[in-house]
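Participant: Dropping a prediction and its sequence here:
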Amino acid sequence: MSNFVRELEQIKTLISSSQKLKKSSGYSSLLHLQEQLNNDDSFILSLVESSHAFVSSIIVDVEDQDEEISVQALKCLGFLIYHPSIVASIPMNIASFVVVSLASLITTTKIKQLESSFLVTHFDSLLRAVIHALDNPIGSLSTTFEAIQAVMKLGTQLSKEMREGSSIWAPPIYKRLLSKDKREREMSQRCLMRMKSVIYPPPSPLSKVVVRDVKSTLLTRMKELVKHDKKVQALQAWGWFVRLMGLLALKNLQLVNELLKIPQQTFSDQDPQVQIASQAAWEGLIDALIYLPSEDPDIMKRQKLKVQTDGTVSIHISESGASEIQRHPILKSLKLIMMPLTGIMSFKHDLAVQSSCLNTWCYLLHKLDGSVNDLHVLSKVLEPILTAVFQGGPHNRDVFFWNFCFSLLDDFVQAKSKNVDHENVNKAGYNLFFRPTDCEALMSTGLLWSHYPVKWFPWDCSKLEFLLKMVQITISGATVASVSAENKISAYNFAVRIFCSILKGVQTNFKKASMGCNVIIQSLTSILMFVKKTCEDIFCGKDGSDELLATCLQLVQAVVEELQPSTLESPIYRVSLDLKFKNCVSSHDLELQKRILGVSSLCSMDMATPAIYLTILYISVVVQSTAGVNSVELILNEFSRYVKRVLLSFDAVEILHAIVGFLYDHSCSSCLRVWVATARCLQEYLDHSKELTPLRVESSARNFAPIYFLLYPLVMCASAKVPSTEKDSKSFQESSIFTSELTIEQVTEVWKSLYVCINSAHQMVLPEMNRFADDLCSSLNGFLCQITSMNECSSKISSRDDVQEVDLLPLFAEVARCTLDNIQFEKMTREISDADYRRSSGIKNCLVCFARSVQFVFR
């Protein structure tokens, strides 16, 4: 026996050598002795006494990079653990190392030549070896590390088998999340993250085990950690426990309510790190309650929700009219998930906390997959955060949040008009609508939002109200007083951009053959009400800034540009003409003058086409704005551009009729500016029109619009207040319709140019008559006759002074001269010679009108 001991000592020395030849020689000698003396009791006894030293060296050499050494070491180890006498003598801690080493060996690249089918055949044996190492009764950290490495390797090679056996190997790992040893916790977290694709969604056996463990011990241990201010550790474990409970969480509501008490405390903790950990743990709850269809095809079936080919959720309407999705727990789950996230984004929190909150929110949007496009889901998930971010206004502090939310909303809207790469959307970053100025703290947190692409699909008109609401909130948020001018402009520009994209999507829907008339009317009404509401914010004093004013005009312009003219001017799609906004326009009353002339008031129009509605709304904004802003010329230029477009796009007579109706409902210097701008546009339109008489004058009030339009500045002047005292004279001067920016000479020149243009067009069609001049003078003559008669009967009217003459005389004199200059007298001579009174009445009406004008001015 002494010979065996001496020989084994020599072999031990050789094996411990760092030289390959000596190590290889030592293993060769040991293998030779094992083969020759495996039944010799003396040898076995000697080997038992020195097994501790041998096994320790052999375990290290089993994983040697040199294949010759590792193979020899493995053969020797096989003999040692095969013989019952030797195995019994191996200490427990060394035995654990043996198991871990063997498991590691099997799962390393050294035996990649083994087919998966071979590993599957021996999976139970492998799993028992791993579980033994995970149990680690001696508490060796290295044993735990090697066992966890083996789990991750097996998960890569045998994912199906590892999923089926997860209720066996997972508990020893997730329980270590509550370990006092930080290294054990970190190893367990890494392992669960690596194995998430294997164990999520959790199979039913695993969920049952987790529920049992949480009830028995884990919940109590987490509460103790929170109590002892180890909240981050407790939250890290909490997220995994809830995630692995899966759908069983919905069947154990009492347990879930107890679990929710932990993040309920930590969400409001003063420590930002605790709040961030709470949001990270909240993703575990999202995983438990929300499943991707691709992850578990049976989930959507169990939830009675059907995914359409476009990814939206089909909502089955019951006989009672209530939608199934409204009663389904998924919406209750979304309400629960969103509650703390909305709270964090609604109030001023640490930037890192809010950044983490957006990350969790994006994870939820990603998890919802195509179901995120459902309107009920949008209102529960997308709307609260966008509202919270937008309504506070863009400030330099949180400008990154605005940029991201803008980009997200833009992606959703753009999905209607282009093919969206669902794998890459939001991955490459997002457009910057604002210039960041104070983002160092935010950047240090790491922007993870773009890691979770959202699967947007083309939307239909059922989501129009939602989209318009988001744009409205964006505009309202920018009106906050504390928002800088630069950020305000950026927000308004974004709102216009999104609105234009929405209109493009609406027009795409309108082109569908299946689109019903009622849907189109409802959509048009929603768009018009949105634009009107935005404009009302100016009228009602919410924000009268030039920036919002320009935005309102751009919104109206966008509707005209993006939607088809055939839709906007169709009488089928008429909408209610809500004229509440006009009450904000200060003006003189022309009710009497309208009755005398027979001008139709807008108040008599209950319904109007969208084109008319938009035109009236646009003029209202312009009239109100030019009374108080500095950029009057800019506004009037935009108005001219709008008028030119609507005259070319729609029925010009209808547009002019609406403008005339508005102008006669209001009388002020701003209205006169609008008249001048419109007159110039009309002249340009007539000069380039292919029709000879695009503004024909006929017997109806609608087609008499050109006459009423030309009479408007004359009626305004004739209807101005007549002062009877020195005090009244001063008041008249102060309220004069003419200003330094708009003189009577300018109005006169514009009037003459437009008259010549319209009159020439009519004479080309009716060369034998002076029809237009006749109608114009006849209307003006009747008006002056009535107004003069009423003034003479009024006891309040006394002699006029020179103030009135300065305003009226130049205008009426030029009108008379221009009218006479454009009458074709050679035709009138022929008419008179024929003694045809009706055909010669044109010149008579003109002369009578001029005489009446002189009498009115100088009386």
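Facilitator: Structure received. Numbers count the residues shown, from 1 in each chain.

Participant: Can you show me the helices along the stretch 101-250 of the chain?
Facilitator: For the stretch 101-250 of the chain, helices defined by DSSP state H, counting those that start in this stretch occupy the ranges 116-121, 123-135, 141-157, 159-164, 166-174, 182-194, 196-199, 204-213, 219-227, 231-245, 248-251.

Participant: Relative to P453, which of the ones you listed is closest?
Facilitator: With C-beta to C-beta as the measure, helix 196-199 is the member of the helices of the stretch 101-250 of the chain nearest P453 (17.3 Å). C-beta coordinates here come from the backbone N, C-alpha and C atoms, glycine included.

Participant: Report the buried residues of the closest one.
Facilitator: Using 16 or more other C-beta atoms under 10 Å as the test for burial, helix 196-199 gives V198, I199.

Participant: name the helices or strands packed onto it?
Facilitator: Helices and strands touching helix 196-199, by 3 or more C-beta pairs under 8 Å, 6 or more residues apart in numbering; DSSP states H and E, are helix 159-164, helix 166-174.

Participant: Could you rerun that using 6 Å?
Facilitator: Contacts defined by 3 or more C-beta pairs under 6 Å, 6 or more residues apart in numbering; DSSP states H and E place helix 196-199 against helix 159-164.

Participant: tell me the average confidence for the helix it packs on?
Facilitator: For helix 159-164, mean pLDDT is 92.

Participant: which residues of the protein fall in strands?
Facilitator: 306-307, 313-314, 575-576, 607-608 (DSSP state E).

Participant: The ones you listed: lowest mean pLDDT?
Facilitator: When the strands of the chain are compared by mean pLDDT, strand 313-314 comes last with a mean of 37.

Participant: To S669, which of the helices of the stretch 101-250 of the chain lies closest?
Facilitator: Nearest of these to S669, taken as C-beta to C-beta: helix 231-245 at 66.5 Å.

Participant: Now do that closest one against helix 166-174, angle only.
Facilitator: With axes from the mean of the first three to the mean of the last three C-alpha atoms, to 10 degrees applied, the angle from helix 231-245 to helix 166-174 works out at 180 degrees.

Participant: what ranges do the helices span in the stretch 651-800 of the chain?
Facilitator: Ranges of helices within the stretch 651-800 of the chain are 652-665, 669-688, 705-719, 726-734, 744-765, 771-793, based on DSSP H, counting those that start in this stretch.

Participant: Do a quick rundown of the helices in the stretch 301-450 of the chain.
Facilitator: Using DSSP H, counting those that start in this stretch, helices in the stretch 301-450 of the chain cover 324-327, 329-346, 351-367, 375-377, 383-390, 399-414, 440-445.

Participant: Tally up the residues packed near E7, please.
Facilitator: When neighbours are defined as other C-beta atoms under 10 Å, E7 has 15 of them.

Participant: any idea how far D411 is from the closest residue in space to it that isn't next to it in sequence?
Facilitator: Nearest residue to E7 in three dimensions, chain neighbours excluded: L33, at 7.2 Å (C-beta to C-beta, 6 or more residues apart in numbering). Distance of L33 to D411, computed by C-beta to C-beta, to the nearest Å: 73 Å.

Participant: Compare these two (neighbour count), which wins?
Facilitator: More crowded of L33 and D411, by other C-beta under 10 Å: L33, with 20 against 17.

Participant: What is the least confident helix or strand in the chain?
Facilitator: strand 313-314 (a mean of 37; mean pLDDT, DSSP states H and E).

Participant: Can you flag the weakest of the helices of the stretch 651-800 of the chain by average pLDDT?
Facilitator: Sorting those by mean pLDDT places helix 726-734 lowest, at a mean of 40.

Participant: Which pLDDT does the model give the residue nearest to E7?
Facilitator: With respect to pLDDT, L33 scores 79.

Participant: repeat for the one 3 residues further on
Facilitator: Model confidence at Q36, given as pLDDT, is 72.

Participant: And for it, the neighbour number?
Facilitator: 10.

Participant: rewinding a little: which of the helices of the stretch 301-450 of the chain sits closest to Y618?
Facilitator: helix 399-414 (24.1 Å).

Participant: could you give the angle of that closest one to helix 383-390?
Facilitator: Angle, helix 399-414 to helix 383-390, by the same axes, to 10 degrees: 130 degrees.

Participant: Just the CA trace of helix 399-414, in PDB.
Facilitator: Output of helix 399-414 as PDB, limited to C-alpha atoms (Å, rounded to 0.1, in the frame of the first residue of the first chain):
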ATOM      1  CA  VAL A 399     -38.300  69.800 -24.600                       C
ATOM      2  CA  PHE A 400     -37.100  66.300 -25.300                       C
ATOM      3  CA  PHE A 401     -40.400  64.900 -24.100                       C
ATOM      4  CA  TRP A 402     -42.200  67.100 -26.500                       C
ATOM      5  CA  ASN A 403     -40.000  66.100 -29.400                       C
ATOM      6  CA  PHE A 404     -40.500  62.400 -28.700                       C
ATOM      7  CA  CYS A 405     -44.300  62.700 -28.300                       C
ATOM      8  CA  PHE A 406     -44.600  64.800 -31.400                       C
ATOM      9  CA  SER A 407     -42.600  62.200 -33.300                       C
ATOM     10  CA  LEU A 408     -44.700  59.400 -32.000                       C
ATOM     11  CA  LEU A 409     -47.900  61.100 -32.900                       C
ATOM     12  CA  ASP A 410     -46.500  62.000 -36.300                       C
ATOM     13  CA  ASP A 411     -45.600  58.400 -37.000                       C
ATOM     14  CA  PHE A 412     -49.200  57.400 -36.200                       C
ATOM     15  CA  VAL A 413     -50.700  60.000 -38.500                       C
ATOM     16  CA  GLN A 414     -48.200  59.300 -41.300                       C
END
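
Participant: This completes my enquiry, with thanks.
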